[in-house]
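Peer 1: Mind folding the following:
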Amino acid sequence: MGATSHQAGAAGRALTADRPSSVRNVVLVGHSGAGKTTLVEALALTAGAVNRAGRVEDGGTVSDYDEIEHRRQRSVQLSLVPVEWDGIKINILDTPGYADFVGELRAGLRAADAALFVVSASDGVDGSTRMVWEECAAVGMPRAIVITHLEAARADFEETTRICAEAF
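Peer 2: Numbers count the residues shown, from 1 in each chain. Modelled structure (predicted):
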């Protein structure tokens, strides 16, 4: 067991769920470089699924495990990172943001109960992300927005929030 009542499991241990109602599949959506994989690392660390957060630049993330992903420093395939929080197993689905791998994104969307839209404060919202938001809205999928890269020189939280409100 982890350090708090919310955390569960040690790094590398497979999580199980004894009832389907205690499983959630959450897909991360956003353009390439928005910070999806880094967010997965932070979520896995917070939930106690890993002992330390890996870095995309170092090739040490739990969701980018293929050699081509290490070389390119970007996701090229859908990956699943299970975590547990408050007795709920959450399967985090990390999708590639690059348009060449849209099939992987579609697979993640089909498996998901909800979507986290990852928006970079320094890059804003692209057209593909808007389109996926509309697709999720059309089928009634719950959605939330996570704003990343707030430490970047040109990042502006209020402006990014305004852009998201207009776009979504």
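Peer 1: And the closest residue to residue 168 other than its chain neighbours, how far from residue 121?
Peer 2: Spatial nearest neighbour of residue 168, excluding adjacent residues (Cβ to Cβ, 6 or more residues apart in numbering): residue 133 at 5.2 Å. Heads up, the C-betas are built off the backbone N, CA and C, glycines and all. Relative to residue 121, residue 133 is positioned 17 Å away (Cβ to Cβ, to the nearest Å).
Peer 1: contact partners of the helix or strand the residue nearest to residue 168 falls within?
Peer 2: Using DSSP states H and E, residue 133 maps to helix 127-138. Applying Cβ atoms under 8 Å, 6 or more residues apart in numbering, the contact partners of helix 127-138 are 29, 30, 31, 99, 105, 109, 115, 117, 119, 143, 167, 168.
Peer 1: any low-confidence regions in this protein?
Peer 2: For the chain, applying pLDDT under 70 flags the ranges 1-18, 52-77, 97-107.
Peer 1: Any buried residues in the helix holding residue 133, and which?
Peer 2: Applying a neighbour-count criterion of 16 or more other Cβ atoms under 10 Å, one finds 128, 129, 132, 133, 136 buried in helix 127-138.
Peer 1: Check those and tell me the two furthest apart.
Peer 2: For the buried residues of helix 127-138, with distances taken as Cβ to Cβ, the pair at the greatest spread is 128 and 136 (12.8 Å).
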